[in-house]
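Visitor: Sequence and predicted structure below; questions after.
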Amino acid sequence: MRNKIRGVAALATAAAAVLTLGGAAEARPADWDRCPDGAVCIYPEGRDPETDPSVNPTHVFWSYGAHNLRNQVGHHWVYNNQTGGATANLCTRYNGGGCGEAIPAGVAVYADLTPINSVRLNRP
């Protein structure tokens, strides 16, 4: 009987831990069209992730600084899903040079990436 009580207590503790972890995961804000919170995402050319649920980002950038692009032409959705007021820029030169206006956190732009050679993520 004593082992049965320990088993039930262990099971109850494990169930409580799962419920607690599950609640924490649900409290996290949802990603925007499969772009993770805290990232900047680029979607495939001419595809709208908001109207086409099968579209996933082709590029996901997490770290601050410049990220060079290759073979990105035509119009793409670029979403700055960073947090805390961090901005992003589309830049015509590699390594973050020749940048256009900052894209505020929480904003998506539909941009021609043909002249764009890098994306720069900026600290708030």
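Guide: Yes, it's here. Fair warning: this is a prediction, and the values are worked out from it, not measured in the lab.
Visitor: what's the domain layout of the protein?
Guide: Domain ranges of the chain: 1-30, 39-122, per automatic domain parsing.
Visitor: Can you say which of these is packed in most?
Guide: Across those, averaging neighbours per residue (mean count of other C-beta atoms under 10 Å) puts domain 39-122 on top, at a mean of 16. The way it works is simple: take the backbone N, C-alpha and C, and place the C-beta from them, glycine included.
Visitor: That one: end-to-end distance?
Guide: This stretch, domain 39-122, spans 11 Å end to end (C-alpha to C-alpha, to the nearest Å).
Visitor: Dump the domains of the chain into TSV; add mean pLDDT as well.
Guide: TSV is the format used below for the domains of the chain (pLDDT from 0 to 100):
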stretch	mean pLDDT
domain 1-30	37
domain 39-122	97
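Visitor: what about the helices in the protein?
Guide: 2-27 (DSSP state H).
Visitor: in it, which spans are strands?
Guide: All strands of the chain, identified by DSSP state E, fall at 39-42, 59-61, 65-68, 75-81, 87-91, 107-112, 118-122.
Visitor: Let's see the fifth one as PDB, backbone CA atoms only.
Guide: The C-alpha atoms that make up strand 87-91 are tabulated as PDB, following Å, rounded to 0.1, in the frame of the first residue of the first chain:
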ATOM      1  CA  THR A  87      14.800  47.800 -35.600                       C
ATOM      2  CA  ALA A  88      15.900  46.200 -38.900                       C
ATOM      3  CA  ASN A  89      17.300  47.800 -42.200                       C
ATOM      4  CA  LEU A  90      17.400  46.600 -45.700                       C
ATOM      5  CA  CYS A  91      20.900  47.500 -47.100                       C
END
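Visitor: for that strand, packing partners?
Guide: Contact partners of strand 87-91 among helices and strands, from 3 or more C-beta pairs under 8 Å, 6 or more residues apart in numbering; DSSP states H and E: strand 75-81, strand 118-122.
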